[in-house]
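Visitor: The sequence and its predicted three-dimensional model are supplied below.
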Amino acid sequence: GIQVEQSPPDLILQEGANSTLRCNFSDSVNNLQWFHQNPWGQLINLFYIPSGTKQNGRLSATTVATERYSLLYISSSQTTDSGVYFCAVEETSGSRLTFGEGTQLTVNP
Amino acid sequence: KAGVTQTPRYLIKTRGQQVTLSCSPISGHRSVSWYQQTPGQGLQFLFEYFSETQRNKGNFPGRFSGRQFSNSRSEMNVSTLELGDSALYLCASSFLAGVTYNEQFFGPGTRLTVL
């Protein structure tokens, strides 16, 4: 099956700093989503981005499907950005998502 | 529009028992998927239902089963619980408009502890 690798596994920032999270995948994908897992465990949708670039406030994402990677940018980080960020891909049509292992982000005040 | 709901939110069971978890998708969504999250294995796909039929299945033993009702609500059942089944179980729904768009939305999860 498809492999999804996220880097870095852990990231510690000071409030106000910028960061880039990376997701590499081993095969062509139909869909790609970025999630933020809140402290209670719920996965919050950040981006649905099988290709191209999207922005939502301080967050933006870019997926280069031909090179099999996606990037999540967080600018002017805030303590509330802390948590685990997951990249997930859907290999073929259907609804089976394969998740990376996540990036644990800690933003210190 | 209400989000995906899951019940119960927390559950404590003992080894050998069985458990049923419930998921109500976003109104209008017809696909429901289930995932298991553990510290050791991460997030793993269990199965997906669409129009009351299981379309995809992950690599889990037959103790894990599910079903979907005509209103798209889904249940998953785990029989003969083992300690290793302790996990956060997440349900996701999607409209499944076709192969070009299939964004999935997750519920808050059910945290199962097996003693």
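Guide: Alright, I've got the coordinates.
Visitor: quick one: low-confidence ranges for chain B?
Guide: B:97-100 (pLDDT under 70).
Visitor: what are the ranges of the strands in it?
Guide: Using DSSP state E, the strands of chain B run over residues B:5-7, B:10-13, B:19-24, B:31-38, B:42-50, B:53-57, B:64-68, B:74-78, B:87-94, B:105-106, B:110-114.
Visitor: Can you tell me the centre-most residue of chain B?
Guide: Centroid-nearest residue in chain B: residue B:34, 2.9 Å away (criterion: CA atoms, centre = their mean).
Visitor: got the residues of chain A near chain B?
Guide: Residues of chain A lying close to chain B by CB under 8 Å from any CB of the partner chain are A:30-31, A:33, A:35, A:40-43, A:45, A:48, A:86, A:88, A:90, A:93-99, A:101-102. (Each C-beta comes from the backbone N, C-alpha and C, glycine too.)
Visitor: who's in contact with the residue lying closest to residue A:90 once chain neighbours are set aside?
Guide: Nearest residue to residue A:90 in three dimensions, chain neighbours excluded: residue A:31, at 4.0 Å (CB to CB, 6 or more residues apart in numbering or on different chains). Residue A:31 is in contact with A:48, A:50, A:89, A:90, B:101, B:102, B:103, counting by CB atoms under 8 Å, 6 or more residues apart in numbering or on different chains.
Visitor: So residue A:53 belongs to a strand, correct?
Guide: Yes: assessed with DSSP: H, G, I helix; E, B strand; the rest coil, residue A:53 lies in a strand.
Visitor: contacting residues for it?
Guide: By CB under 8 Å, 6+ apart, the contact list for residue A:53 reads A:60, A:61, A:62, A:63.
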